[in-house]
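everything below, folded, please.
(chains A and B)
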Amino acid sequence: AQSVTQLDSHVSVSEGTPVLLRCNYSSSYSPSLFWYVQHPNKGLQLLLKYTSAATLVKGINGFEAEFKKSETSFHLTKPSAHMSDAAEYFCVVNTGTASKLTFGTGTRLQVTL
Amino acid sequence: NAGVTQTPKFQVLKTGQSMTLQCAQDMNHNSMYWYRQDPGMGLRLIYYSASEGTTDKGEVPNGYNVSRLNKREFSLRLESAAPSQTSVYFCASSEAADTREQYFGPGTRLTVT
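Residues are numbered from 1 along each chain as shown, chains lettered A, B, ... in the order given. Next up, the predicted model:
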């Protein structure tokens, strides 16, 4: 069985400050992990993915995530938030076929001036 | 290259009415998926098609039917809409059923009154 827990439903940061969105996963097998972003009234866009290569993964728009097997975590970070980062972020795990994609419940990121 | 497209963008139905949501992809992907997104629940898989000519149930298939019309197109039908089917519906595709990365359409916002 696989599951994903996003530890914060809502995160608020000031523009220019670091972003940390937390994700823990549970998986019986070696997982693939993803972060997707959803801007208001838009579809989901892939930010980055981990598929058992380097544990530090760089994505688009300055985001990165680190896979930590010992902590079963895949937290998303960005050094400096921009207003355009305000969106909902989903952590996703997959340990088998694509039909077994499991989504977290999402973290809404608010960026204030 | 439009990626994954969905029609309509918005729809309002009365209880008991039927409708079909359309999805098409131009990436020559073999696998296609239908999800629903409800507040606080992430995305849940309704049906998927691993390849042309095959369809399988996902996590929440009750009340829905699907048709894989050809490699490009995958439709979702609500035969008798219920208020519980009020949701945002996303179509996605991937290169193959064992390819873990999926690409999403912009979504259809459906309200059943």
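
find the residue at the geometric middle of the chain.
You didn't pick a chain, so chain A it is. Geometric centre of chain A, nearest residue: residue A:35, 3.5 Å, by Cα atoms, centre = their mean.

that's the wrong chain, I meant chain B
residue B:34 (2.8 Å).

just the element for it, please.
Taking DSSP states H and E as the criterion, residue B:34 maps to strand B:31-37.

same question, residue A:65
strand A:64-68.

against which helices or strands is that strand packed?
Contact here means 3 or more Cβ pairs under 8 Å, 6 or more residues apart in numbering or on different chains; DSSP states H and E; on that basis strand A:64-68 packs against strand A:32-38, strand A:44-50, strand A:56-58, strand A:73-78. (Glycine included, C-beta is placed from N, CA and C.)

could those go into a markdown table alongside distance to residue B:55 and mean pLDDT?
Output for these, formatted as a markdown table (distance: least, Cβ to Cβ, whole Å; pLDDT from 0 to 100):
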| stretch | distance to residue B:55 | mean pLDDT |
| --- | --- | --- |
| strand A:32-38 | 24 | 92 |
| strand A:44-50 | 22 | 92 |
| strand A:56-58 | 33 | 94 |
| strand A:73-78 | 31 | 97 |
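
go through the ones you listed and pick out the most buried.
Highest mean neighbour count of the helices and strands packed on strand A:64-68: strand A:32-38, a mean of 23 (counted as mean count of other Cβ atoms under 10 Å in any protein chain shown).
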